[in-house]
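*Asks:* give the three-dimensional model of this entry:
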Amino acid sequence: MFFKQFATKESSLSYFLGCGTLGKAIAVDVVSGDEEWFIEEAKKANVTISHVIDTHIHADHYSGGRKLATMIGAPYCLHESDASVVKFPFHPLHDNDVIEAGNVIIKVLHTPGHTMDSICLMVTDKRRGEQPWFVITGDTLFVGSVGRPDLAGREKAMAGILFDSLHSKLLTLPDEVEIFPGHQAGSACGAGISGKPSSTIGFEKRFNTGLHINNREDFVSYLTSEIPPRPAEMDKMVAANIAA
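*Replies:* Numbers count the residues shown, from 1 in each chain. Next up, the predicted model:
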């Protein structure tokens, strides 16, 4: 298995991973302008990108996912709930869908809360074992923080939904499972995000304040008490990311 984390604009983190042996890869959360980087990396690794995935409709940057998918002839993937939102065809992902990129297995986890279409990607390397190795957590869980719940409005309801996603999906994973989030420090998509770009489930259980709160109502109060300013040009970026 190969794995690359790419720090890009607006403190976003993109991912390129796959199986060099069988020549398959996926690209995750591609930022506009970075499409050629993924194409060059695929050439270097001698792999074909089989899927281009956005973990949700982004509100803080212009997505390059659809453009990359078009350039390489791969499906552009979003959660199925985006069918009523976006104005173009895409490959719908469902909770528990499995994507095989050679020996690398990617399981889709629907984790609404930051947005209703948010997904995480749980990754297993068959050559390493049957247990999941890491999770690409998008904007659901960051190092030191959790996703903000207010971008779609209904912040209290969304905070409760985020609590459910965290506790029913991510926090049930073994402590040693690594997490790779969609942002690092400097992003407007969460408060108090660390500058360290990866962690583990176990470390976050110990040191991530939001994960210490085991009562749903208390979590909602905590998460909605100090909401950071919205990303600049958010409405313009969302409109572009869902436009035909």
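
*Asks:* grab the most central residue of this structure for me.
*Replies:* residue 138 (2.0 Å; Cα atoms, centre = their mean).

*Asks:* state the phi and psi torsions of the closest residue to that residue other than its chain neighbours.
*Replies:* In space, and not counting its chain neighbours, residue 138 is closest to residue 55: 3.1 Å by Cβ to Cβ, 6 or more residues apart in numbering. Bear in mind the C-beta positions are built from the backbone N, C-alpha and C, glycine included. Backbone torsions for residue 55, taken as degrees, to the nearest 10, come to phi -70, psi -10.

*Asks:* how about residue 145?
*Replies:* phi -160, psi 180.

*Asks:* okay, buried residues for stretch 142-154 please.
*Replies:* Residues 142, 143, 144, 145, 146, 147, 148, 149, 150, 151, 152 are the ones in stretch 142-154 that count as buried (16 or more other Cβ atoms under 10 Å).

*Asks:* my bad, should have said stretch 164-174
*Replies:* Buried, per 16+ other Cβ under 10 Å, within stretch 164-174: 165, 166, 169, 170, 173.

*Asks:* about what we covered before: confidence score at the residue nearest to the centre of the chain?
*Replies:* As predicted, residue 138 sits at a pLDDT of 97.

*Asks:* what sits against it?
*Replies:* Neighbour list for residue 138: 29, 55, 56, 111, 114, 118, 119, 120, 121, 147, 181, 182 [criterion: Cβ atoms under 8 Å, 6 or more residues apart in numbering].

*Asks:* most neighbours, which of those?
*Replies:* residue 181 (33 neighbours; other Cβ atoms under 10 Å).

*Asks:* in contact with it, which residues are there?
*Replies:* 13, 136, 137, 138, 139, 141, 142, 143, 193, 197, 198.

*Asks:* so where does the first one fall, helix or strand?
*Replies:* According to DSSP states H and E, residue 13 maps onto strand 13-19.

*Asks:* taking strand 13-19 as reference, get the angle to the helix or strand that that strand is followed by.
*Replies:* The helix or strand immediately downstream of strand 13-19 is strand 24-28, counting by DSSP H and E. Per axes from the mean of the first three to the mean of the last three Cα atoms, to 10 degrees, the angle that strand 24-28 makes with strand 13-19 is 170 degrees.

*Asks:* nice, that's everything, thank you.
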